[in-house]
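1. Attaching a predicted model along with its sequence, questions to come.
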Amino acid sequence: MIQIRTATPEDAQHIALLGRITFTETFSEHFRDPQDLFDYFERTFNVAKIRNSIQNPNNKFWIAFWNELPIGYAKLKVHSPTEFIDSSAVSQLQKIYILKEFLDKKAGKALMDELMTSFENSDQQYIWLSVLNSNERALQFYDKNGFSKVGEHQFSIGKEDFDFFALSKQKI
């Protein structure tokens, strides 16, 4: 059974570890140098950084549990304008990360529902995200949830360059 709740600063350690594990499960094959991946983890999934991010009122985090075990999380950046959308009333779905063994348990959908409820109840008109253009599972998930492509961009981590699609959805 999946339980979703708003994350607190005390969840930062779980979220940091979930971020490292899920990112490794999904993207590690794209890295030639393990040090690049480790350095990215130290910057991105640092416990203190995540704790500060949770405390930032512009961010909202949710954490998913399966029988009390943390299995995933989601992050919404409430005000996050982008070059891909001609509006300042824009939020960004920054992360929905689920442990691989729980992907078929619909935890991603449960987190998406929580995040979208928060977005729908906000004063923002658009929500956008970036997704690796070769991540077919994620692309299908976002398509099912009403997101459509609005642009493309690159992102570099260490020696690796990644091609991303920017996807967006307008509030109904």
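-> Received the coordinates, thanks. Source: prediction; values computed, not measured. Numbering: from 1, shown residues only.
2. For the rest of this, base every contact and every neighbour count on C-alpha atoms.
-> Fine.
3. buried set for the longest helix anywhere in the chain?
-> Of all segments of type helix in the chain, defined using DSSP state H, the longest is helix 12-27. For helix 12-27, burial by neighbour count (16 or more other CA atoms under 10 Å) applies to 12-24.
4. Could I get the full set of strands for the protein?
-> Along the chain, counting by DSSP state E, strands occupy 2-6, 59-66, 69-77, 90-98, 126-132, 148-157, 160-170.
5. contacting residues for E25?
-> For E25, the contact set (CA atoms under 8 Å, 6 or more residues apart in numbering) comprises L99, K100.
6. Share the number of residues neighbouring Q154, please.
-> 11 (other CA atoms under 10 Å).
7. And for L139?
-> Using other CA under 10 Å: L139 sits among 19 other residues.
8. ditto for the one 3 residues further on
-> By other CA under 10 Å, the residues close to Y142 number 20.
9. Check I172 too.
-> 6.
10. So it versus F119, what's the distance?
-> Distance, I172 to F119, using CA to CA, to the nearest Å: 11 Å.
11. ok, now R32?
-> In terms of CA to CA, R32 sits 37 Å off from F119.
12. Show me which of these two is the more surrounded one.
-> Using other CA under 10 Å, the more surrounded residue of R32 and F119 is F119, with 22 against 12.
13. ok, back up a step: now, which of the buried residues of helix 12-27 sits nearest S148?
-> F23 (23.3 Å; CA to CA).
14. Name the residue closest to the centre of this protein, please.
-> The chain has K95 as the residue nearest its centroid, 0.5 Å off, counting by CA atoms, centre = their mean.
15. which ones are touching that one?
-> Y73, A74, K75, L76.
16. out of those residues, which are buried?
-> Burial by neighbour count, 16+ other CA under 10 Å: within the contacts of K95 this picks out Y73, A74, K75, L76.
17. what's the closest non-adjacent residue to the first one?
-> What sits nearest to Y73 in space, not counting adjacent residues and going by CA to CA, 6 or more residues apart in numbering, is I63, at 4.3 Å.
18. same question, the third one
-> Counting by CA to CA, 6+ apart, K75 lies nearest to F61, which is 4.5 Å off, once chain neighbours are set aside.
19. Likewise for M1?
-> W66 (5.7 Å).
20. how deep is the one you found tucked in, by neighbour count?
-> 15.
21. Surely it and R5 touch.
-> No - counting by CA atoms under 8 Å, W66 stays clear of R5, with 11.8 Å between them.
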